[in-house]
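> what follows is a protein structure lacking sequence information:
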Ligand SMILES: Nc1ncnc2c1ncn2[C@@H]1O[C@H](COP(=O)(O)OP(=O)(O)OP(=O)(O)O)[C@@H](O)[C@H]1O
């Protein structure tokens with residue numbers, strides 16, 4: 001399998017006044033194209049920090065990240081923003097949907113911002129919302145949708161630019177167990193259909209076990225044993 005992301009010696013420090021806190025302490029990680037990975041670990045282990053760096057939302061303090069062999073963080077902020085919008089879809093615990101727009105409009109938004117033609121964006125958003133089981137909720141605003149439905153809209157929105165990589169940070173963190181299962185079923189189905197690569201941060205071991213690989217973080221380091229080794 002070809003390598004998608006290669007992380008080498010990754011460290012991240014945060015400055016807190018005169019102190020510096022090292023959150024990632026030398027991460028080496030290889031993520032192959034077309035695979036699903038769960039990132040697990042105790043609260044504060046550094047999962048979100050690592051996911052944000054993998055998604056080029058934040059820069060490391062040292063170390064390198066390459067995407068398809070090309071170094072990411074030698075690029076300017078503008079180049080990174082362009083890379084993100086072309087390559088990566090994000091799903092967060094809180095969906096960040098725009099409350100005044102309908103489900104359809106929310107999903108169309110990234111495509112319209114990228115200047116895709118209106119009718120194409122419309123068609124694509126409709127198809128994706130149907131795919132996530134919301135064809136009967138196209139014109140509902142987020143406030144008129146359940147938590148699980150809102151997260152489905154967020155997933156459809158993350159996919160509208162046809163990303164190669166989907167990064168999800170506790171995507172079901174505020175949903176009940178049954179709804180969480182359904183959302184993960186949906187993510188696994190989408191992955192199988194599209195071959196998209198997926199990295200998901202979760203606290204839920206049952207859900208993590210549904211991913212092909214489980215990477216465990218402990219206090220800023222990756223534990224040597226992952227499911228790949230078993
Ligand atoms: N901007 C920041 N400034 C200072 N410290 C930060 C910042 N962001 C995160 N941290 C610290 O870095 C550590 C790791 O945070 P991170 O959010 O990556 O952990 P996590 O494993 O995702 O935790 P959780 O499961 O609780 O979300 C925490 O101790 C946190 O307080």
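Noted; the coordinates are in hand. If you're wondering where the values come from, they're calculated on a predicted model, not measured in any experiment.

> which non-adjacent residue is nearest the spatially most central residue of the chain?
In the chain, the residue lying closest to the centroid (C-alpha atoms, centre = their mean) is residue 167, at 1.4 Å. Leaving out its chain neighbours, the residue that sits closest to residue 167 by C-beta to C-beta, 6 or more residues apart in numbering is residue 55, at 4.7 Å. Every residue, glycine included, has its C-beta placed from N, CA and C.

> got it, and residue 22?
What sits nearest to residue 22 in space, not counting adjacent residues and going by C-beta to C-beta, 6+ apart, is residue 13, at 5.0 Å.

> so that neighbour: helix, strand or coil?
Secondary structure, DSSP: H, G, I helix; E, B strand; the rest coil: residue 13 is strand.

> check contacts around residue 93.
Contacts for residue 93 (C-beta atoms under 8 Å, 6 or more residues apart in numbering) come out as 169-174.

> coming back round to it: which residues touch the residue nearest to residue 22?
If you count contacts by C-beta under 8 Å, 6+ apart, residue 13 has them with 20-23, 61.

> could you redo the last one with a cut-off of 10 Å?
19-25, 60-62 (C-beta atoms under 10 Å, 6 or more residues apart in numbering).

> tabulate those residues (a markdown table), appending distance to the ligand, neighbour count and pLDDT.
Formatted as a markdown table, these follow (distance: C-beta to the nearest ligand atom, whole Å; neighbours: other C-beta atoms under 10 Å; pLDDT from 0 to 100):
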| residue | distance to the ligand | neighbour count | pLDDT |
| --- | --- | --- | --- |
| 19 | 10 | 8 | 90 |
| 20 | 10 | 10 | 90 |
| 21 | 6 | 10 | 92 |
| 22 | 9 | 14 | 93 |
| 23 | 4 | 17 | 95 |
| 24 | 8 | 25 | 96 |
| 25 | 11 | 15 | 96 |
| 60 | 13 | 20 | 97 |
| 61 | 12 | 15 | 96 |
| 62 | 16 | 12 | 96 |
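
> from those, which two are the most distant?
The most widely separated members of those are 19 and 60, with 18.9 Å between them, by C-beta to C-beta.

> identify the residues contacting stretch 80-88?
Contacting residues not belonging to stretch 80-88 are listed as 4, 54-59, 67-68, 70, 72-73, 75-76, 90, 110, 113-114, 158, 161-167, 197, 199 [C-beta under 10 Å, 6+ apart].

> ok, back up a step: so can I have TSV of the contacts of residue 13 showing distance to residue 219?
Output for those, formatted as TSV (distance: C-beta to C-beta, whole Å):
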residue	distance to residue 219
19	17
20	16
21	12
22	10
23	9
24	10
25	7
60	17
61	16
62	18
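
> what about these, which are in strands?
Counted as lying in strands by DSSP state E, out of the contacts of residue 13, are 19-25, 62.
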